[in-house]
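1. okay, predicted coordinates and the sequence, questions at the end:
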Amino acid sequence: DAGVIQSPRHEVTEMGQEVTLRCKPISGHDYLFWYRQTMMRGLELLIYFNNNVPIDDSGMPEDRFSAKMPNASFSTLKIQPSEPRDSAVYFCASSGGKGEKLFFGSGTQLSVL
Amino acid sequence: GESVGLHLPTLSVQEGDNSIINCAYSNSASDYFIWYKQESGKGPQFIIDIRSNMDKRQGQRVTVLLNKTVKHLSLQIAATQPGDSAVYFCSGTGFQKLVFGTGTRLLVSP
C-alpha cells in the first residue's frame, strides 16, 4: 500500500486566497483525521471522519476552515480566505478502527504570505 | 477534559546511551497508548503501543512502560543511535479523539 497520500506537498499563497488540501487515506481505513502542526501548539486535531461522516469538528479554528469527505478514498480541507496565521504543516491520517493507531501522510507545508 | 503532555521539550543524549522520554496523561479512562516518532519533514510514524492491561511492552530497542497509578508512561530507547534523532509524541485513546502533546525532541550526538 502507498500509505496516506497528501497533496500538494508545499503550498505558498497570498492572504485572502482559497487553499485546498487533499488527502487519500489507506484503502479500507474507516477513520480519517486532519491535523495542523505548529511549533507553538504542536499537533492539533482539526476534524475527523468515520465512514465519510464528520464526527468531531470542534478543532476547526473558525468558519474559514471546512472539510469534506465525498467518498472513502478522498478528503479535502479548505481554507477560505486564508490568513498568514494559517501557515503550518497540515497532516492527514487514517486508521482502521476507532482508537487504533494512525497512519500519517507526509503533510502539506502551507505558507500564507 | 483529557490531556496528554510531555515533561521535557528537548532531550540530548550521546550515541550509545539509553534514552527515556516521559509522558503524563490526565484521563484515567485512557486504555490504549501509542508512541510516534516524527523525523524532520515527515509525518509521525507508529513506534510501539501498549494497552492498559499491561505495564510494560518491548520492541526492537524500544520499551514502553505504563504506570496507571500515577498516569505516566515512558519510552525507553536502548543504545540510542543518530537515526533516533526525531520528535517523539505520546498519544492516548479511550476517549473520543486522539490527543497529542507538543512532543519531545531527541537529539543524539556522536
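-> Looks like it came in fine.

2. got any ranges where chain A has weak pLDDT?
-> Low-confidence segments of chain A, defined by pLDDT under 70: A:1.

3. cutoff 50 now
-> When residues are selected by pLDDT under 50, none of them lie in chain A.

4. ok, now chain B?
-> Across chain B, the ranges flagged by pLDDT under 50 are B:1-3, B:5-8, B:95-96.

5. all strands for it, in order.
-> For chain B, applying DSSP state E gives strands covering B:4-6, B:10-14, B:19-25, B:32-38, B:45-51, B:56-58, B:62-67, B:72-77, B:86-93, B:99-100, B:104-109.

6. turn these into JSON lines, columns for distance to chain A.
-> C-beta here means a position set from N, CA and C on the backbone, and glycine is covered the same way. Shown next, in JSON lines, are those (distance: least, Cβ to the nearest Cβ, whole Å):
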{"stretch": "strand B:4-6", "distance to chain A": "9"}
{"stretch": "strand B:10-14", "distance to chain A": "13"}
{"stretch": "strand B:19-25", "distance to chain A": "13"}
{"stretch": "strand B:32-38", "distance to chain A": "5"}
{"stretch": "strand B:45-51", "distance to chain A": "5"}
{"stretch": "strand B:56-58", "distance to chain A": "13"}
{"stretch": "strand B:62-67", "distance to chain A": "13"}
{"stretch": "strand B:72-77", "distance to chain A": "15"}
{"stretch": "strand B:86-93", "distance to chain A": "4"}
{"stretch": "strand B:99-100", "distance to chain A": "4"}
{"stretch": "strand B:104-109", "distance to chain A": "11"}
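
7. let me have those in TSV, extended by mean neighbour count.
-> Listed next are those as TSV, based on neighbours: other Cβ atoms under 10 Å in any protein chain shown:
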stretch	mean neighbour count
strand B:4-6	19
strand B:10-14	13
strand B:19-25	20
strand B:32-38	22
strand B:45-51	17
strand B:56-58	13
strand B:62-67	18
strand B:72-77	20
strand B:86-93	24
strand B:99-100	23
strand B:104-109	17
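
8. save those strands as a markdown table, and put in distance to residue A:88 too.
-> Output for the strands of chain B, formatted as a markdown table (distance: least, Cβ to Cβ, whole Å):
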| stretch | distance to residue A:88 |
| --- | --- |
| strand B:4-6 | 19 |
| strand B:10-14 | 21 |
| strand B:19-25 | 23 |
| strand B:32-38 | 14 |
| strand B:45-51 | 20 |
| strand B:56-58 | 33 |
| strand B:62-67 | 29 |
| strand B:72-77 | 26 |
| strand B:86-93 | 15 |
| strand B:99-100 | 14 |
| strand B:104-109 | 18 |
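
9. quick one: closest of those to residue A:85.
-> strand B:99-100 (20.2 Å; Cβ to Cβ).

10. residues from chain A in reach of chain B?
-> A:4, A:33, A:35, A:41-45, A:48, A:55-56, A:91, A:93, A:99, A:101-107 (Cβ under 8 Å from any Cβ of the partner chain).

11. how about 7 Å then?
-> When proximity is defined as Cβ under 7 Å from any Cβ of the partner chain, chain A approaches chain B at A:42-43, A:45, A:48, A:56, A:91, A:99, A:101-102, A:104-107.
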